[in-house]
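> below: sequence and its predicted model.
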Amino acid sequence: MAKFIRVESLVTGHQFDIHEDQFDEAAHKRVKSKRYPPSGRVRRTKFRAGRVPALSVSPVGEEGATDVASNSEGD
């Protein structure tokens, strides 16, 4: 029977199951096997939110920022 192990992606931080033969230390970190022992079936993925930096927003009044009302034409 195929055994699936729980790993964490080093790039995204998501936790998911892969076949034990596909484990790559350069791309994955193994999750504690006491909490997630090897399984005969794949478990749900746990997505990690917040790893991607938020988009920057220009503060109001900063040079280069334009006012919506001043850009209207024909008024």
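That came in fine, so what should we check first?
> quick one: contacts for residue 23?
5, 7, 30 (C-beta atoms under 8 Å, 6 or more residues apart in numbering). Bear in mind the C-beta positions are built from the backbone N, C-alpha and C, glycine included.
> which of those are buried?
By neighbour count, with 16 or more other C-beta atoms under 10 Å, those hold 5, 7 as buried.
> so of the contacts of residue 23, which ones are in strands?
Among those, the subset assigned to strands under DSSP state E consists of 5, 7, 30.
> pick the one among the contacts of residue 23 closest to residue 46.
Within those, proximity to residue 46 (C-beta to C-beta) peaks at residue 7, which comes in at 11.0 Å.
> quick one: contacts for the closest one?
Taking C-beta under 8 Å, 6+ apart, one finds 15-18, 23, 28-31 in contact with residue 7.
> and the pLDDT for the closest residue to residue 17 other than its chain neighbours?
Excluding its sequence neighbours, the residue lying closest to residue 17 (C-beta to C-beta, 6 or more residues apart in numbering) is residue 4, at 4.1 Å. On pLDDT, residue 4 comes in at 96.
> again, but for residue 26
94.
> residue contacts, the closest residue to it other than its chain neighbours?
Counting by C-beta to C-beta, 6+ apart, residue 10 is the residue found nearest to residue 26 once chain neighbours are left out, at 7.9 Å. Residues counted as contacts of residue 10 (C-beta under 8 Å, 6+ apart) are 26-29.
> where in the chain is pLDDT low?
Residue ranges of the chain with pLDDT under 70: 50-75.
> show me where it has strands.
Using DSSP E, strands in the chain cover 4-9, 15-19, 28-30.
> determine which stretch of the ones you listed is the most buried.
Comparing the strands of the chain by mean neighbour count (mean count of other C-beta atoms under 10 Å), strand 4-9 comes out on top with a mean of 18.
> what angle sits between that strand and strand 15-19?
With axes from the mean of the first three to the mean of the last three C-alpha atoms, to 10 degrees applied, the angle from strand 4-9 to strand 15-19 works out at 130 degrees.
> return strand 4-9 as PDB; C-alpha atoms alone will do.
The C-alpha trace of strand 4-9 is given here as PDB (Å, rounded to 0.1, in the frame of the first residue of the first chain):
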ATOM      1  CA  PHE A   4       1.700   9.400   2.100                       C
ATOM      2  CA  ILE A   5       3.600  11.700   4.400                       C
ATOM      3  CA  ARG A   6       2.800  15.200   5.600                       C
ATOM      4  CA  VAL A   7       5.200  17.900   4.400                       C
ATOM      5  CA  GLU A   8       5.400  21.700   4.400                       C
ATOM      6  CA  SER A   9       6.500  23.600   1.300                       C
END
